[in-house]
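Trainee: Got a sequence here, can you model it:
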Amino acid sequence: MFFDLGAGELLGLAVLGMILVGPERLPRLASDAAKLVKKLRNISNSATAELRENLGPGFEDLQPADLNPKTFIKKQINDVLAQDDAPQKSKPTYESKIDPDLI
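Mentor: Predicted coordinates:
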């Protein structure tokens, strides 16, 4: 479930909301909260799209979770290693050793 809440927790929150806000204002509050979540989601999506656009080619599949430095470096290293594994006519013979704890 969303935020790891079960049916009992959601029911408890609904009862608490009715007590604190009142049943006559609760639907409007829920509607306003839904609009706020939608607006935040749109802002997040536009910021991610702008970031992809500004980073340029090679970052079309960028996800916000990829911006974690460890994840970003691992992804870039894997891309380079995948390019190195592609068959080439004059491939240098070397083996790169990367300590995963340093990444």
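
Trainee: next one: the helix ranked longest in the chain to chain centre, how far?
Mentor: Identified as the longest helix of the chain according to DSSP state H is helix 26-55. Put simply, helix 26-55 sits 13 Å off its chain's centre (C-alpha atoms, centre = their mean, to the nearest Å).

Trainee: Mind checking the pLDDT average for that helix?
Mentor: For helix 26-55, mean pLDDT rounds to 89.

Trainee: can you list the domains in this protein?
Mentor: As assigned by automatic domain parsing, the chain contains the domains 2-62, 63-103.

Trainee: Same list (the ones you listed) but as JSON lines, adding mean neighbour count.
Mentor: To be clear about C-beta, it is placed using only N, CA and C from the backbone, and glycine gets the same treatment. Output for those, formatted as JSON lines (neighbours: other C-beta atoms under 10 Å):
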{"stretch": "domain 2-62", "mean neighbour count": "10"}
{"stretch": "domain 63-103", "mean neighbour count": "9"}
